[in-house]
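> Quick one: sequence and predicted model below, then my questions.
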Amino acid sequence: MSDHIQNAGPMLASRRCGAKTRCGGACRAPAVQGKTRCRMHGGAKGSGAPRANQNAHKHGLFSRDAIAERRQIRALLGDVRKVLEGMR
């Protein structure tokens with residue numbers, strides 16, 4: 001009989017990675033010891049961007065300012081639509 005089931009206990013009891021997958025669920029891989037992420041999501045030594053990374057902010061599409069501006073535009077467009085509907 002296989003010895004695998006008896007040795008899998010610590011692996012099954014370990015903390016899980018806190019990252020989200022592309023489909024929105026939680027990553028089910030075990031977190032690296034002493035970290036909150038698995039080896040694939042940034043828990044491995046040397047992973048992640050270097051300090052003072054110049055490439056981290058390329059276009060600002062998802063910056064707080066850009067998101068706030070898009071929300072304001074959407075709200076303004078909604079108000080304009082209401083006014084136009086009232087003119088009919």
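That came through, no problem. Numbers count the residues shown, from 1 in each chain.
> who's the residue positioned nearest the centre of the chain bridged to?
What sits nearest the mean C-alpha location of the chain, by Cα atoms, centre = their mean, is residue 20, with 5.7 Å. Listed by DSSP bridges, the beta-bridge partners for residue 20 are residue 26.
> how close does it sit to residue 26?
Residue 20 is 6 Å from residue 26, where distance means Cβ to Cβ, to the nearest Å. The C-beta positions use only the backbone N, C-alpha and C, and glycine is treated the same way.
> what's the answer for residue 79, then?
39 Å.
> what about the helices in the protein?
Using DSSP state H, the helices of the chain run over residues 4-7, 9-13, 64-87.
> Tell me which of those helices lies nearest to residue 43.
helix 9-13 (15.1 Å; Cβ to Cβ).
> what's the closest one in contact with?
The contact list for helix 9-13, computed with Cβ atoms under 8 Å, 6 or more residues apart in numbering, reads residue 30.
> same deal with stretch 78-88?
So stretch 78-88 is contacted by nothing (Cβ under 8 Å, 6+ apart).
> That one: how far from the chain's middle?
Offset of stretch 78-88 from its chain centre (Cα atoms, centre = their mean, to the nearest Å): 37 Å.
> Please apply the same query to stretch 54-70.
16 Å.
> what do you get for stretch 32-47?
15 Å.
> buried set for it?
Neighbour counts over stretch 32-47 (16 or more other Cβ atoms under 10 Å) mark 32, 35, 37, 38, 41, 43 as buried.
> backbone phi and psi for the closest residue to the fifth one other than its chain neighbours, please?
Ranked by Cβ to Cβ, 6 or more residues apart in numbering and with sequence neighbours excluded, the top spatial neighbour of residue 41 is residue 19, at 3.9 Å. Comment: the main-chain dihedrals of residue 19 come out as phi -80, psi 160, following degrees, to the nearest 10.
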